[in-house]
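J.: Sequence below, structure please.
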Amino acid sequence: MTIRAVLWDIDDTIFDYASADRAGMRAHLAAEGHLGAYGTVEEALRRWKELTELHWRRYEAEGGDFRDQRRDRVRDFLGRPGLTAVEADAWFDRYVAHYEAAWELFPDTVPVLDLLARDYRHGVLSNSSIHNQDHKLRTLGVRDRFEAVVCAAELGVAKPAAEAFHAACTALGLAPEQVAYVGDQPDIDARGAVEAGLLGVWLDRADSGGRPELTRITDLHQLPGVLRGDTRFGAPSTFG
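T.: Alright, predicted model coming up:
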């Protein structure tokens, strides 16, 4: 069946989350005077990333209040388990100010959205919250590119569960086989999409390779070829 729409991941797919997180946390730690507690900026950044992954995976598995995983991340990072919700939120809000100052789309995002605008509809499926991602897309100036923004926090189910992909397809009014999903994670995004009946595309910006069973691209400019079914672009036989 012909692909009629593209569902997009946001962080590290169209938006350079890793660079913004790094720059924002570096500025925040300096402002808060926390650098000394970790010895080096690199150690602090590594610990923050570990805790982000830990608490996000727990949130995905157990559910609960989206803000609680964020508060627990801050408490663990600071080594202050008794930090109140108000104090943790205030610390995180100060971090967010530095983080948002570093926000940027990847250079290929807008050109490729422009290339695809005439022939494909577009939506977002993110393992975050609508509050976070709608704000992000509006700040970056691309919210109007997407008909629907569907997020795990509101759905109560996250990628790679098929229910998450199907909910996003339903929001577009399309069957899964009419939709492609593009994301930076080979299992959560590409494999999860394929198992849900979509065309899954792994955006491997680091060109790490491997995973020959997946459709892999290294730049969004290769995506139009994948959507057209051109085997020179994104096919496992070429990019695996």
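
J.: Check which residues of the helix ranked longest in the chain are buried.
T.: Identified as the longest helix of the chain according to DSSP state H is helix 41-62. Neighbour-count burial for helix 41-62, counted by 16 or more other Cβ atoms under 10 Å, picks out Ala44, Leu45, Trp48, Leu51, Thr52, His55, Trp56, Tyr59, Glu60. Any C-beta I mention is one placed from the backbone N, CA and C, and that applies to glycine too.

J.: what helices or strands is it leaning on?
T.: helix 17-32, helix 35-38, helix 66-78 (3 or more Cβ pairs under 8 Å, 6 or more residues apart in numbering; DSSP states H and E).

J.: got those as JSON lines, with distance to Trp103, mean pLDDT and mean neighbour count columns?
T.: Shown next, in JSON lines, are the helices and strands packed on helix 41-62 (distance: least, Cβ to Cβ, whole Å; pLDDT from 0 to 100; neighbours: other Cβ atoms under 10 Å):
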{"stretch": "helix 17-32", "distance to Trp103": "5", "mean pLDDT": "89", "mean neighbour count": "17"}
{"stretch": "helix 35-38", "distance to Trp103": "23", "mean pLDDT": "78", "mean neighbour count": "14"}
{"stretch": "helix 66-78", "distance to Trp103": "18", "mean pLDDT": "93", "mean neighbour count": "19"}
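
J.: Which of the ones you listed sits closest to Trp202?
T.: Nearest to Trp202, of all the helices and strands packed on helix 41-62, is helix 17-32, at 16.4 Å by Cβ to Cβ.

J.: what ranges do the helices span in this protein?
T.: Going by DSSP H, the chain shows helices at 17-32, 35-38, 41-62, 66-78, 85-101, 109-116, 130-139, 152-155, 162-172, 192-195, 223-227, 236-239.

J.: In terms of mean pLDDT, which of these ranks lowest?
T.: When the helices of the chain are compared on mean pLDDT, helix 236-239 scores lowest, with a mean of 38.

J.: got the helices of the chain as TSV, with distance to Pro212 columns?
T.: Output for these, formatted as TSV (distance: least, Cβ to Cβ, whole Å):
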stretch	distance to Pro212
helix 17-32	25
helix 35-38	39
helix 41-62	26
helix 66-78	35
helix 85-101	36
helix 109-116	24
helix 130-139	31
helix 152-155	29
helix 162-172	22
helix 192-195	13
helix 223-227	15
helix 236-239	5
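
J.: returning to that earlier point: which one of the helices and strands packed on helix 41-62 lies nearest to Asp108?
T.: Across the helices and strands packed on helix 41-62, Asp108 has its closest neighbour in helix 17-32 (14.5 Å, Cβ to Cβ).

J.: Just the CA atoms of that closest one, as PDB, please.
T.: Output in PDB follows, covering the C-alpha atoms of helix 17-32 (Å, rounded to 0.1, in the frame of the first residue of the first chain):
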ATOM      1  CA  TYR A  17      18.400  17.200  21.600                       C
ATOM      2  CA  ALA A  18      21.900  15.800  22.500                       C
ATOM      3  CA  SER A  19      23.700  19.000  21.700                       C
ATOM      4  CA  ALA A  20      21.100  21.200  23.400                       C
ATOM      5  CA  ASP A  21      21.100  19.000  26.500                       C
ATOM      6  CA  ARG A  22      24.900  19.100  26.700                       C
ATOM      7  CA  ALA A  23      25.200  22.900  26.200                       C
ATOM      8  CA  GLY A  24      22.300  23.600  28.600                       C
ATOM      9  CA  MET A  25      23.500  21.400  31.400                       C
ATOM     10  CA  ARG A  26      27.000  22.700  31.100                       C
ATOM     11  CA  ALA A  27      25.700  26.300  31.500                       C
ATOM     12  CA  HIS A  28      23.300  25.300  34.300                       C
ATOM     13  CA  LEU A  29      26.000  23.400  36.300                       C
ATOM     14  CA  ALA A  30      28.300  26.400  36.100                       C
ATOM     15  CA  ALA A  31      25.500  28.800  37.200                       C
ATOM     16  CA  GLU A  32      24.500  26.500  40.100                       C
END
